[in-house]
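1. Show me the folded form of this:
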Amino acid sequence: MKRTMILFGILFAIGAPISAYAEGTEHSVEEMKQHHHMMQTDEPKADGRISLKLTPHMKQHQLANMRSHVEAVQSIIGMMAEGEFDKASAVAHNKLGLTPKMKKMCNMFDNDDFKKLGLAFHKSADELGNVLKTGNMKLSLTALHKTMSSCVQCHATFRQ
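-> Okay, here's the model as predicted:
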């Protein structure tokens with residue numbers, strides 16, 4: 001019962017902003033066009049994050065990687081809800097962890113701070129995978145929170 005309440009809390013926390021966003025999409029097309037135009041023309045001033053200055057190809061590759069990370073986190077949460085901690089652990093290690101492929105990709109970036117954040121994210125995902133193996137919901141949620149904090153910090157600091 002306690003696990004169910006915790007998971008409902010997580011789902012509510014994720015769903016509430018999405019629901020609020022969906023309700024807020026009733027703006028006219030013209031308002032959205034104006035907002036988009038303002039964001040395009042004011043982006044350097046409005047967005048103080050550090051640009052990674054990626055080529056278009058690398059930008060798309062990096063965005064695809066981040067989308068796959070979000071999908072992995074979604075899978076992990078679902079598996080936790082079902083009590084499938086061993087499966088969730090495997091996803092954390094294989095899809096988010098510091099695999100040789102991920103380590104190589106992180107080390108390709110010129111920005112040392114971005115590189116450090118990326119490596120920290122992948123290491124925290126391996127820690128998450130280890131904690132998930134215990135089957136302890138509270139500890140697993142704490143480890144997931146740490147992993148997601150790396151995401152939030154990176155997205156607050158850098159932009160494509």
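
2. which residues does the nearest residue to Ile50 once chain neighbours are set aside contact?
-> Spatial nearest neighbour of Ile50, chain neighbours left out: Phe158 (5.2 Å); criterion: C-beta to C-beta, 6 or more residues apart in numbering. The C-beta positions use only the backbone N, C-alpha and C, and glycine is treated the same way. Listed by C-beta atoms under 8 Å, 6 or more residues apart in numbering, the contact set of Phe158 reads Arg49, Ile50, Ser51, Leu52, Asn111, Phe114, Leu117.

3. can you redo the residues you listed as JSON lines with pLDDT?
-> Listed next are the contacts of Phe158 as JSON lines, based on pLDDT from 0 to 100:
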{"residue": "Arg49", "pLDDT": "94"}
{"residue": "Ile50", "pLDDT": "92"}
{"residue": "Ser51", "pLDDT": "90"}
{"residue": "Leu52", "pLDDT": "90"}
{"residue": "Asn111", "pLDDT": "87"}
{"residue": "Phe114", "pLDDT": "91"}
{"residue": "Leu117", "pLDDT": "92"}
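
4. Show me what the top helix by length along the chain is packed against.
-> In the chain, with assignment by DSSP state H, the single longest helix is helix 56-81. Helices and strands touching helix 56-81, by 3 or more C-beta pairs under 8 Å, 6 or more residues apart in numbering; DSSP states H and E, are helix 2-23, helix 85-91, helix 112-132, helix 137-157.

5. That one: how far from the chain's middle?
-> 7 Å (C-alpha atoms, centre = their mean, to the nearest Å).

6. and the angle from it to helix 112-132?
-> 20 degrees (axes from the mean of the first three to the mean of the last three C-alpha atoms, to 10 degrees).

7. So which bits of helix 56-81 are buried?
-> Using 16 or more other C-beta atoms under 10 Å as the test for burial, helix 56-81 gives Gln62, His69, Ala72, Val73, Ser75, Ile76, Ile77, Met79, Met80, Ala81.

8. How about stretch 131-140?
-> Val131, Leu132, Lys133, Met137, Ser140.
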